[in-house]
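*Asks:* what's the 3D shape of this:
(one chain, ligands or ions: 1)
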Amino acid sequence: MADKKQNYSAEQIQVLEGLDPVRKRPGMYIGTTDVRGLHHLIWEIVDNSIDEAMAGHCNKIMISVNEDGSVTVADNGRGIPVDKHKTTGKSALETVLTVLHAGGKFGGDASGYKVSGGLHGVGVSVVNALSTRLLAEVRRDGKVHQQEYKDGGSPQGDIAVVGDTKSTGTSITFWPDPTIFETIEFDAQTILTRIRQQAYLTKGVEISFEDKRTKLYEEKLPKGSTYKYRFYFEGGVQSYVSHLNHNKEPLTDVIYIEKQTDECLIEIAFQYTNAFSENIITFANNIHTLEGGMHLTGMRTSLTRTINSYARDKGFLKEKDDNMTNEDVREGLTAVISVKLAEPQFEGQTKSKLGNPEVRGAVEKTFNEKFAEYLEENPNDGKAIIGKGMLAARARLASRAARDTVLRKGALEGMTLPGKLADCSSRDPSKSELYIVEGDSAGGSAKQGRDREYQAILPLRGKILNVEQARLDKMLNNNEIKSLIIALGTGIGETFELEKIRYQRVVIMTDADVDGAHIRTLLLTLFYRYFKEVIEAGYIYIAQPPLYKISKGKTSHYAYNETEKTAILKQMGADTEQEESPDADEAEETAEEAADTKKKVRVNIQRYKGLGEMNPEQLWETTMDPAERSMLKVTIQDAEMADAIFDTLMGSEVPPRRKFIQTHAKHANLDV
Ligand code: 0RA
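*Replies:* Numbering: from 1, shown residues only. Prediction:
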């Protein structure tokens, strides 16, 4: 490194010093270098465009994944300034792209709220550092300016003027560095989910997405159509709540509260439905505060107090009646809380808990005032909310009695391990793994293929249960769930103890098809609602079985995604255009003439439709062997997402469910 540096100009040395740490320790800046870290690059740029929008200078943001796999984020903001700074000799554009954390210094909006400065805000320069190439285009002062960077952020010459324009804006295209990231394949579903959320939180701004990798969609989209989405929500968080509840039966309107206080800007939308669960999603400066914090506490305190005082005032609660509890008034509540403040403090295990104490009081006071006012003006909604809360209170008492009986009878504690469980011999939870396997046949393969010292197998039969509609006491009567809980060893509900868990790795292993996705969603939902601590402890994983086995002669390789498949085919000298025949499991095919060698190569592609198609050895070497396998650790976010789509899959209304399966069936591997 030291030798090399001597050849660089002073300017380039600064770039290297500026961005080198990012390439050395990418994890410090973007968390991980897996697929999540990869997507982080997009969020980083989009956050900057959203800041430009929140400052009132931009109303359109466009994201595309281009045909060659690069990503473009374009906006119609003011454009990053391109004139040279008198003392540094560098433009703001170059500074923003080559100096760590330089983004804010040029903002000139110090009073405003910034999305990009929050939890993940590491600056656009990080994207440059982790890309092989980056192209910045700025429309400003009537001109189109361009500058290119290569190899982790080295500018290729000065800013060039390439044309005239009447508009303004910034467009950044980057090519992520394959030597940094485990994968450089972007996932359209992940991008869509995120930008939909951002669009809800930035009302009046249009955020669009286009996937130009047409090859991915050849069979999945009608001819001539493209994969393109546009999000624009005039109602902001109000629209968000409607969206979250679109499959539920509403009991009230969506109630909307907005206020700019001295402390922060507050937006809250909420609605009651006849569901049993509560769903509150909170944000601070557009950052999802998964662990909640002061804004959530403020709203919860006020919610219970306001509802009880209204209920007493109107005579729904008599003198002898107890107040409704926090739990009672939360049942069936869907809410989105969004606050924006100048200096958010993020705390907690995952730094996703809003710590600013002043926000609590501001939210509580605002909610007290506005919600009481709403109830006075909308007595029908008031009546519906009280009715729901009082029903929940009665159900809580009945359910507790029933559950206590079940638990007292020793439904769980006394029970011996389920017969279907093929347990491991180790009794050390930190070494033990539980594979939850879909179906008896895959279960059989897994039992034969496993390392019985520390791997236990629990086969589950079919669809286990609709947890959304079942209360805890009912759930305990379901045999599949009971087996799982007993195998886990933690107990459930009030008797839950994480320390008693029998396996510190619980691996969900389902087929790569729609049914598999469904069962996975269901299990994640179960864990999310009843075993959140197990997820938080990082004990839940999703197995990653291969999609293909590609063989040539005696050698064979497994491919876990389409990119790998293409790479393996290329490496074997087969034409990458080759497709496996759609319905033959073991299609013997002759590849097209390889482009450069002009000789025919016989390649056999086996597509695995289910785990059952793999023999025990294959299952072990591809999916279960700790030395070879790759597993996804489930985060609370993953489980929360599963919980959200769970309603679509399991809800009582039939048409939306069918719609979900129809629209997603072909790329079910993208789901969850
Ligand atoms: C620095 C200063 C100004 C705007 C921006 C940066 C800016 C950055 C990004 C990143 C993505 N889109 C963006 N749009 C704008 C303000 C310059 C002025 O006062 O005109």
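*Asks:* next secondary structure after the top helix by length along the chain?
*Replies:* Using DSSP state H, we find that the single longest helix of the chain is helix 379-408. Tracing the chain past helix 379-408, the next element assigned as helix or strand by DSSP states H and E is strand 433-438.
*Asks:* on the C-terminal side of that following strand, identify the next helix or strand.
*Replies:* helix 440-449.
*Asks:* what's in contact with that following helix?
*Replies:* 420, 422, 435, 437, 457-459, 461, 509, 511, 610-612, 614-620, 624 (C-beta atoms under 8 Å, 6 or more residues apart in numbering). C-beta coordinates here come from the backbone N, C-alpha and C atoms, glycine included.
*Asks:* inside strands: which ones of these?
*Replies:* Y435, V437, I457, L458, P459, M509 (DSSP state E).
*Asks:* not counting its neighbours along the chain, what's nearest the fifth one?
*Replies:* Put plainly, it is P459. G443 (2.8 Å; C-beta to C-beta, 6 or more residues apart in numbering).
*Asks:* thinking again about what came up before, counting by contacts, list what the longest helix of the chain packs against.
*Replies:* Helix 379-408 sits against strand 265-272, helix 294-313, helix 326-330, helix 357-377, helix 472-475, with contacts defined as 3 or more C-beta pairs under 8 Å, 6 or more residues apart in numbering; DSSP states H and E.
*Asks:* hmm, back to that, and the contacts of helix 440-449, which of them are buried?
*Replies:* Listed as buried from the contacts of helix 440-449 are 420, 422, 435, 437, 457-459, 509, 511, 610-612, 614, 618-620, 624; burial here means 16 or more other C-beta atoms under 10 Å.
*Asks:* strand 265-272 and the host helix or strand of V46, what's the angle between them?
*Replies:* Under the criterion of DSSP H and E, V46 resides in helix 35-54. Here helix 35-54 runs at an angle of 120 degrees relative to strand 265-272 (axes from the mean of the first three to the mean of the last three C-alpha atoms, to 10 degrees).
*Asks:* at contact distance from the ligand, anything in helix 35-54?
*Replies:* Yes. Against the ligand, helix 35-54 shows contacts by C-beta under 6 Å from any ligand atom at N48, S49, E52.
*Asks:* for the protein, what helix or strand is lowest in average pLDDT?
*Replies:* Least confident helix or strand of the chain, by mean pLDDT, DSSP states H and E, is strand 586-590 with a mean of 34.
*Asks:* next SSE downstream of the longest strand along the chain?
*Replies:* Among the segments of the chain that qualify as a strand by DSSP E, the longest is strand 131-140. Next along the chain after strand 131-140, taking DSSP H and E as the criterion, comes strand 143-150.
*Asks:* got the CA positions of that next one in PDB?
*Replies:* Extracted in PDB, the C-alpha atoms of strand 143-150 (Å, rounded to 0.1, in the frame of the first residue of the first chain):
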ATOM      1  CA  LYS A 143     -26.300  22.300 -17.400                       C
ATOM      2  CA  VAL A 144     -25.900  18.600 -17.200                       C
ATOM      3  CA  HIS A 145     -22.700  17.800 -15.200                       C
ATOM      4  CA  GLN A 146     -21.100  14.400 -15.000                       C
ATOM      5  CA  GLN A 147     -18.300  12.800 -13.000                       C
ATOM      6  CA  GLU A 148     -17.200   9.200 -12.900                       C
ATOM      7  CA  TYR A 149     -15.500   7.300 -10.100                       C
ATOM      8  CA  LYS A 150     -13.800   4.000 -10.200                       C
END
